[in-house]
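>>> predicted model, plus sequence, below.
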Amino acid sequence: METFTLAAVSLIIAVSLVIQKKNDPVQLSFASLCLAIFVFKTAAFFHGIFRTEYIQLIEYLGLISIPSLAIIFTRRFLHGQTLFAKDDALSAFLFGLAIGMLFFTPLSQSSYLRPLFMFYFSFILAVSYISLLIYIKTRADSGEKRRMGYLAIAVPIAIGLSAFDALYYFGLGFPPLSNLVIAGLLYFILLIIAYPHLTELHELMVKALLVSIVTAFAVVLFYLVINLFGHTALPPFTHVLVACFTIVISISPFKIILEKIFSAIYPKSKDAFTSLYALDAKLERERALLLEEMAPVFAHEIRNPLGSIKGAAQFLSSEIGTGENGKLLGIIIEEVDRLNGVVTQFLNYAKPHTVNLNERNINDIMEKAVSLIRANNVSEKIAIEVDLQPRLPLMAVDGEQVIQVILNIAFNAIDAMTEGGKLSISTAGGAGENGDAVEIVIRDTGKGIKKGDLKNIFKPFYTTKERGVGLGLAICQRIVRNHGGDIRVKSAVGQGTEFKVRLKNPPKSRGAERPTQKIAVAEARAAAASKKHG
C-alpha cells in the first residue's frame, strides 16, 4: 500500500505541474523526476504481484532514470550553481543503464550488484544535497534562501524517519515509512517550487496543514458513513488515511483537467467550475461597474452648485473685504475647495482607470518608488530597509499605478511612525499554480491598527485621520484588483503593520479577457452616461 501511495502521489504532482503549461524549467524537471518515480514504484508494486520479467524491466528503467533526472532538477533548481557538470546527467544515465543491464545477466545473482547500485544512487542524492547546502551558504539573506533552508532541514528529517524501516526488516513490527516519507517530501518540494511567494515556514506549514485537515475530515467522514450504513469489516486506518490523502491532493489537477475538457466541448460551461465565493466576487465587480457609470453624473451634479457657491462667496468677499464677514466667506471658499477635492478623489476611486499593461520587472518599479520615498523628506528617525528578490518574472502591469499603490501605503506607514522606526520593503515571487506571481511586502514598526479599524480600512471614506478623506487605500485596492491581484494587511497595536500586495499574470492558455478590455467597456459606458445627463 505504501509503495502504491508513493506512485500515486508522484503521478499527481507530475500531472499538476505539466497541465499548467508554464514551461518553467524547474517545474518541468521536477515533474519528470516525479514521473520516473511513478514508473519505478508502479512497476515495483505490480512486480510484487505478477513477478514477470517485463514489469521488472520497466521497474529498472524507471529506477536508472531517477539519478540523471535528479541531477537535471538540482541544476535547474539551484540555477546551475551545483557540484554537477552539465554533462553529468547523461553520464549518470549511461552508468545506471550499464548497471541495470547487469541485472539480466548471471551477475544478477551476485550479492554485490544491488548494494553497488544503491551506493551509486545514494551518492547522486548526497551530492545534490551538498550542492543545496553550498548554494544556501553563498546566498544573501532573502526569501529564496529561507525556502531553500526549509528544504535543507526537511531532507535529513525524511532520512531519519525512513531509517525506521530497519525496525520492520528486523521483525519488530514497526510499519515501513520510507515510501510515505518520500511522498511527503515530494509534496513539500512541490510547495516550495510552485508557491515561491510563500517565503516563511509558517506559510508553507499552513498550506500543508490545510491539506492535512481536509484529509482528516475525509477519514472521519468515511468511518462515520461505514459505521452507519456498512456491515463489513472496517479497512485498516492507514489504508483509509493514505487513500483520502491521495484523493485530496488530486482534486485540484483533476478539476483543471475537467475544466479544459469541458471548455473544449462546451465553452459556455465555465461558470460550472466557479465557486460560490468567486460568484460573489463577480457580483462585486458588477456593482463596481455600476458605480463607475454613476460617478461622472454624481460628480457633475455636485460640482455645478459648488462652483456657484464658490463664485458667489468670492464675489461677496471682494465686496465686503476683510473683517468678520470676510473671514466667514474665506471659510466657505476653503471648505468648498476641500469638498471639491473629496469629489476629485471619489472620481479617482470610482472611475475606470485605463491600465496600460506592459511587461515590467517589479524590482525596477520598486527601486523608483523607494527613491521617491527617500526624496520626500523622510525623517532621519525612520530607517528604510529594502530586500528585492532577484530573477523575478516579468509582470504585465501599469508601472505608474503600481508606484501609486506603493507610495500610498509607504507614506501611511511613515505617518504611523511618529516616534521613528523601520520601513521594510521587499519582493518575492516566481511561477505559481495559476500563472506568474509577485508579492510586494511593506512593513512598518509604527503604532499599528486597531482590530476594529482593520476590517474597514479599505472601505471608501473610512478614515481615522482628522482631515483624511478615506479613499487612499480604497484606490490602492481598486488598482490592485484591476491588475487581477489582491492586497492583504495584518497589524498589531504597538508593533506595526504589514501590507502584502500580490500581482499575478493570468495563465496564457486560459484566454482570459485582458483588464484593459473590461476597463475600456466601463469607460465607454461612463462616457455615455455622462453625455446623457448633460
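Great, that's in hand. Numbering: from 1, shown residues only.
>>> so where do the strands sit in the stretch 351-500 of the chain?
Counting by DSSP state E, counting those that start in this stretch, the stretch 351-500 of the chain has strands at residues 358-360, 382-388, 395-397, 421-432, 435-444, 486-492, 496-504.
>>> JSON lines for the ones you listed, including distance to residue 302 and mean pLDDT?
Yep, even glycine has a C-beta here, placed from its N, CA and C like the rest. Output for the strands of the stretch 351-500 of the chain, formatted as JSON lines (distance: least, C-beta to C-beta, whole Å; pLDDT from 0 to 100):
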{"stretch": "strand 358-360", "distance to residue 302": "35", "mean pLDDT": "87"}
{"stretch": "strand 382-388", "distance to residue 302": "38", "mean pLDDT": "89"}
{"stretch": "strand 395-397", "distance to residue 302": "33", "mean pLDDT": "88"}
{"stretch": "strand 421-432", "distance to residue 302": "37", "mean pLDDT": "80"}
{"stretch": "strand 435-444", "distance to residue 302": "34", "mean pLDDT": "86"}
{"stretch": "strand 486-492", "distance to residue 302": "29", "mean pLDDT": "89"}
{"stretch": "strand 496-504", "distance to residue 302": "32", "mean pLDDT": "90"}
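>>> got any ranges where the stretch 401-534 of the chain has weak pLDDT?
430-435, 461, 465-469, 506-534 (pLDDT under 70).
>>> now do the helices in it.
Remark: helices assigned in the stretch 401-534 of the chain by DSSP state H, counting those that start in this stretch are 451-454, 472-482, 515-532.
>>> sorry, back to before: can I get the strands of the stretch 351-500 of the chain in a markdown table including mean neighbour count and distance to residue 475?
Shown next, in a markdown table, are these (neighbours: other C-beta atoms under 10 Å; distance: least, C-beta to C-beta, whole Å):
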| stretch | mean neighbour count | distance to residue 475 |
| --- | --- | --- |
| strand 358-360 | 12 | 20 |
| strand 382-388 | 14 | 23 |
| strand 395-397 | 23 | 16 |
| strand 421-432 | 22 | 20 |
| strand 435-444 | 23 | 16 |
| strand 486-492 | 16 | 11 |
| strand 496-504 | 21 | 13 |
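>>> next up, the contacts around the closest residue to residue 372 other than its chain neighbours.
Closest residue to residue 372 apart from its sequence neighbours, by C-beta to C-beta, 6 or more residues apart in numbering: residue 407 at 6.3 Å. Counting by C-beta atoms under 8 Å, 6 or more residues apart in numbering, residue 407 touches 369, 372-373.
>>> packing partners for the helix or strand containing residue 334?
Here residue 334, judged by DSSP states H and E, is contained in helix 324-350. Contact here means 3 or more C-beta pairs under 8 Å, 6 or more residues apart in numbering; DSSP states H and E; on that basis helix 324-350 packs against helix 276-320, helix 472-482.
>>> among these, which gets the worst mean confidence?
When the helices and strands packed on helix 324-350 are ranked by mean pLDDT, helix 276-320 comes last with a mean of 69.
>>> residue 190 against residue 30, yeah?
Yes. Using C-beta atoms under 8 Å, residue 190 is in contact with residue 30, at 7.4 Å.
>>> these two - which one has more neighbours?
Remark: of residue 190 and residue 30, residue 30 carries more neighbours, 26 against 23, as counted by other C-beta atoms under 10 Å.
>>> nearest residue to that one other than its sequence neighbours?
Nearest residue to residue 30, sequence neighbours excluded (C-beta to C-beta, 6+ apart): residue 73, at 5.3 Å.
>>> burial check on the one you found, number of neighbours?
When neighbours are counted by other C-beta under 10 Å, residue 73 registers 24.
>>> element containing it?
helix 53-77.
>>> next structured bit after that helix?
helix 88-102.
>>> and that next one, what does it pack onto?
In terms of contacts (3+ C-beta pairs under 8 Å, 6+ apart), helix 88-102 is packed against helix 53-77, helix 113-138.
>>> these into a markdown table, with extra columns for distance to residue 316 and mean pLDDT?
Output for these, formatted as a markdown table (distance: least, C-beta to C-beta, whole Å; pLDDT from 0 to 100):
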| stretch | distance to residue 316 | mean pLDDT |
| --- | --- | --- |
| helix 53-77 | 75 | 86 |
| helix 113-138 | 74 | 86 |
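>>> for these, which one sits closest to residue 240?
helix 53-77 (27.4 Å; C-beta to C-beta).
>>> would you mark the buried spots in the closest one?
For helix 53-77, a neighbour-count test (16 or more other C-beta atoms under 10 Å) marks 55-56, 58-77 as buried.
>>> which other residues reach that helix?
Contacts of helix 53-77 (C-beta under 8 Å, 6+ apart): 25-26, 29-30, 32-33, 36-44, 46-47, 82, 84, 86, 88-90, 92-93, 96-97, 99-100, 103-104, 117, 120-121, 124-125, 128, 131-132, 193.
>>> related to what we said a few turns ago, quickly list what's touching both of residue 190 and residue 30.
Contacts common to residue 190 and residue 30, judged by C-beta under 8 Å, 6+ apart, are 13, 17.
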